[in-house]
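Enquirer: fold the stuff below for me.
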Amino acid sequence: MDAIAFGTDGWRATLDEFTAPRVRIVAQAVATYLDDEGVPGAVAVGYDARETSRGFAEEISRVLAANGRDVLVAASDCPTPATVYNVVDRGLAGALVVTASHNPPEYNGVKFFPADGTPAMPAVTDAIEARLAEPGSLPESEWGDVREVDFVASHAEHCLELADADLDGLTVVYDAMHGSGREATPALLERAGADVVRRRCERDPEFGGTPPEPSAENLQGLVEAVRETDADLGIANDGDADRVALATPERGFLDENLFFAALYDHLLEEDSGPAVRSVSTTFLVDRVAQAHGEAVVEVPVGFKWVAEAMVDHDALLGGEESGGFTVRGHVPEKDGVLMALLAAAAEREEPLDARVDRLLAEHGEVHQGKVSVDCPDDRKPAVIEALGEDIPGAVAGTDVDSVNDADGFKLLLVDGSWLLVRPSGTEPKLRVYAEAGSDERVDALLAAGRELVEPLV
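Expert: Okay, here's the model as predicted:
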């Protein structure tokens with residue numbers, strides 16, 4: 001049980017630690033938590049395309065059923081957001097999703113989503129961890145039923161209704177990275193009228209030797225395919241399709257920060273409302289908001305904080321620099337399938353390259369970067385505390401104007417650039433982020449951040 005810990009986005013581990021007995025312990029803890037909280041109803045169980053995920057989902061289903069819960073288990077691997085949407089749409093008690101998202105195939109993981117479809121907040125995951133115990137069982141006559149259901153169909157209908165997109169005449173190259181978006185996302189784009197060229201849409205539990213992380217280095221094939229096919233846009237999802245990444249004809253890989261600003265600008269043409277962004281996400285979103293008379297809410301890294309603020313502020317769009325986004329009217333969980341549709345709709349309205357060019361011309365160049373510094377988990381609190389006790393007055397030759405300590409320390413500099421140091425919630429590392437008006441300035445800030453942190457580890 002000591003090996004089970006819920007981080008920023010559930011519990012993930014390599015398969016030597018992520019074992020069937022421990023998965024059953026987590027399922028029992030969730031069943032106990034729901035009973036103790038008096039939450040009625042069935043529980044959804046979803047899973048991604050990894051070799052072991054279906055088996056772990058079956059283990060979870062059996063434990064929940066033995067605790068008297070009816071269980072709706074996905075008929076096949078499917079996007080995490082499809083499972084989460086069904087929790088809200090069907091009025092369920094919550095969901096457990098077996099996925100390690102973008103991690104390599106030797107990993108797996110599990111996420112819990114409460115009845116409102118939000119990622120579980122720390123109070124909830126702490127309560128689940130406090131109830132970790134070997135599975136129990138009611139008399140067999142009191143067991144719940146387990147049945148397979150299609151989570152994708154209702155989710156797709158909702159996405160089409162919400163986006164109201166006409167993609168007729170648009171050509172999209174879609175790269176599933178062998179993940180669970182491989183059928184749902186291209187089908188959705190085609191139903192909206194797009195011509196779709198598929199890449200890596202076969203199920204491969206080894207992900208073709210590349211982790212299903214939609215990063216620039218992993219999507220060069222998508223970039224090339226967009227140009228070779230003269231497509232309008234390239235779209236990729238991560239392993240469980242809750243994140244999106246884009247490629248455009250001119251830019252190639254489109255930085256997620258630029259997409260965030262462009263999508264917000266697009267949505268504000270016909271709607272209104274604030275944006276919610278994580279502390280590591282670009283200030284370009286703030287400049288777009290200001291131009292439209294809107295506000296921005298900044299939250300710590302982790303989509304659970306974005307989701308909470310989305311609800312509290314009735315926000316139009318919320319997201320993170322890692323490619324996770326959702327919109328008003330949808331479940332408060334990141335959804336790479338819906339975002340694929342909205343990205344294509346934005347491209348159809350005005351090419352994303354042209355929109356980004358216009359925004360940068362109006363608001364100034366924005367460049368970002370990040371590096372990681374190895375740091376054992378048990379050293380993270382001491383390092384952050386030491387940094388807080390000795391905040392520098394200047395970074396890379398520029399004075400510090402103010403400090404935001406909502407998540408680590410974000411040093412806002414007088415020239416409008418910033419440096420952020422925060423502990424990773426999923427790996428034994430510290431993350432160092434920087435934003436400035438040029439790549440050279442970003443590199444200088446990141447180097448200064450590394451020099452600031454490494455002696456403290």
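Enquirer: ok, longest helix in the chain?
Expert: Ranked by residue count, the top helix of the chain under DSSP state H comes out as helix 20-36.
Enquirer: could you list every helix and strand in contact with that helix?
Expert: helix 53-66, strand 94-98, strand 107-114, helix 122-130 (3 or more C-beta pairs under 8 Å, 6 or more residues apart in numbering; DSSP states H and E). To be clear about C-beta, it is placed using only N, CA and C from the backbone, and glycine gets the same treatment.
Enquirer: flag the shaky bits of the stretch 51-200 of the chain, pLDDT-wise.
Expert: Counting by pLDDT under 70, the stretch 51-200 of the chain contains no low-confidence residues.
Enquirer: how far away is S215 from A3?
Expert: Computed as C-beta to C-beta, to the nearest Å, the S215 to A3 distance reads 28 Å.
Enquirer: more neighbours: these two, which one.
Expert: Ranked by neighbour count (other C-beta atoms under 10 Å), S215 and A3 place S215 first, with 17 against 12.
Enquirer: quick one: which of the helices and strands packed on helix 20-36 is nearest E157?
Expert: Nearest to E157, of all these, is strand 94-98, at 18.7 Å by C-beta to C-beta.
Enquirer: neighbouring strands of the closest one in the sheet, and parallel or not?
Expert: Partner strands and pairing direction for strand 94-98 (DSSP bridges) are strand 43-47 (parallel), strand 107-114 (antiparallel).
Enquirer: need those in CSV with mean neighbour count and distance to C201, can you?
Expert: Putting those into CSV (neighbours: other C-beta atoms under 10 Å; distance: least, C-beta to C-beta, whole Å) gives the following:
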stretch, mean neighbour count, distance to C201
strand 43-47, 28, 18
strand 107-114, 24, 22
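Enquirer: and these as TSV, adding distance to P21?
Expert: Shown next, in TSV, are those (distance: least, C-beta to C-beta, whole Å):
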stretch	distance to P21
strand 43-47	18
strand 107-114	13
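Enquirer: quick one: closest of those to T171.
Expert: That would be strand 43-47 among the strands paired with strand 94-98, by C-beta to C-beta, at 30.7 Å.
Enquirer: who touches that closest one?
Expert: Residues from elsewhere that reach strand 43-47, judged by C-beta atoms under 8 Å, 6 or more residues apart in numbering: 30, 34, 53-54, 56-57, 60-61, 64, 69-74, 77-78, 80, 82-83, 86-87, 90, 92-99, 151.
Enquirer: next one: phi and psi at A187?
Expert: Phi and psi for A187, reported as degrees, to the nearest 10, are phi -60, psi -40.
Enquirer: wouldn't it be in contact with A156 here?
Expert: Yes: A187 is in contact with A156 according to C-beta atoms under 8 Å; the separation is 7.1 Å.
Enquirer: those two - which one has more neighbours?
Expert: The neighbour comparison of A187 against A156 (other C-beta under 10 Å) goes to A156, with 21 against 16.
Enquirer: just the element for the more buried one, please.
Expert: Using DSSP states H and E, the element containing A156 is helix 152-163.
Enquirer: helix or strand right after that helix?
Expert: Next in line after helix 152-163, if elements are assigned by DSSP H and E, sits strand 171-175.
Enquirer: what's that following strand packed up against?
Expert: Using 3+ C-beta pairs under 8 Å, 6+ apart, strand 171-175 sits against helix 184-191, strand 195-199, helix 220-228, strand 233-237.
Enquirer: noted, bye for now.
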